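# build me a model:
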Amino acid sequence: MKKWICALCGVVVSLSLYAAEPYTITKIIRADSTLTKGELYVAVNDWFATTYKNSQKVIQMADKDAGIIIGKAVTETGKLTFSMQCSVGWLNYTIKVQCRDGRVRAEVSNVIHEAKDPKAMSSCSYGLITTAEVYKESGMGKNAYNEVWDMFKERISSYSEGLFASLEASVKQAKPQVSTNEDW
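Predicted coordinates:
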C-alpha cells in the first residue's frame, strides 16, 4: 500500500497496487449427462420463475441458443451487529447461469450493499463487496466496519449456497424431452 500526502489539501491518499476483484461465488452443477443444453436451459428458466417473486423483473438477459440467463436481484442483510446500523440494508447482486450439455455453472457476483436509511445512503453504504481483506485500514470504527465487511461476505456465501442448492435440486429433477409424434 503506497501512501502520499496531498501538498494542497494535506489529505492522505492511499493507493493499492493490487486492485481487489468483485467478490464472486461460482458453482458447477453436474446434471444427467443425457440432458442437452436446451433441456437444462428450460429447467433453469423454470427455476428463475419459481425462485424469484417476479422473474421478469429479475431476468436481464436470456439467450436459449447460448444457454445463458443473467439476472439482477436483491436480498435484505438484516441487522448484522448491534453497533453498526450501517449493516442494515440490501445486497444487490447479479446471478448468471450458463448451461452446457450435462452441466450448469452458476455465479453470484457484483454484490453491492445499500444502506436501508436513504438519508445515510452515501455515508453508510458499503458499495461493491470485493475480495479486499479489510474495508477500512484506519479511522474511527475501523474494527466494526471490517467486522461487518467480513459478515457481508459470509452472508453472501451462505445465501449463494442456498440458491445453488435450490438450483441443483431443480436441475437434478430435469428430464430429457421425449419426442412424441402425436398428431395435433
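# please enumerate the strands of the protein.
For the chain, the strands defined by DSSP state E cover 2-5, 12-15, 25-30, 59-63, 68-76, 89-100, 103-115, 127-128.
# residues in contact with the spatially most central residue of the chain?
Centroid check for the chain by CA atoms, centre = their mean gives residue 108 as the closest residue, at 3.3 Å. For residue 108, the contact set (CB atoms under 8 Å, 6 or more residues apart in numbering) comprises 24, 25, 26, 93, 94, 95, 156, 159, 160, 163. Any C-beta I mention is one placed from the backbone N, CA and C, and that applies to glycine too.
# same list (the strands of the chain) but as CSV, adding mean pLDDT.
Formatted as CSV, the strands of the chain follow (pLDDT from 0 to 100):
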stretch, mean pLDDT
strand 2-5, 45
strand 12-15, 41
strand 25-30, 96
strand 59-63, 96
strand 68-76, 95
strand 89-100, 95
strand 103-115, 95
strand 127-128, 92
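# need the contact list for the nearest residue to residue 99 once chain neighbours are set aside.
Spatial nearest neighbour of residue 99, excluding adjacent residues (CB to CB, 6 or more residues apart in numbering): residue 67 at 3.6 Å. By CB under 8 Å, 6+ apart, the residues touching residue 67 are 37, 38, 40, 41, 98, 99, 100.
# if any of those are buried, put those into a PyMOL selection.
Applying 16 or more other CB atoms under 10 Å to these leaves a buried subset, and the PyMOL line that selects it is:
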select buried, resi 37+40+41+98+99
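# show me the two of the contacts of residue 67 that sit farthest apart.
Pairwise distances across those (CB to CB) peak at 13.1 Å, for the pair 38 and 98.
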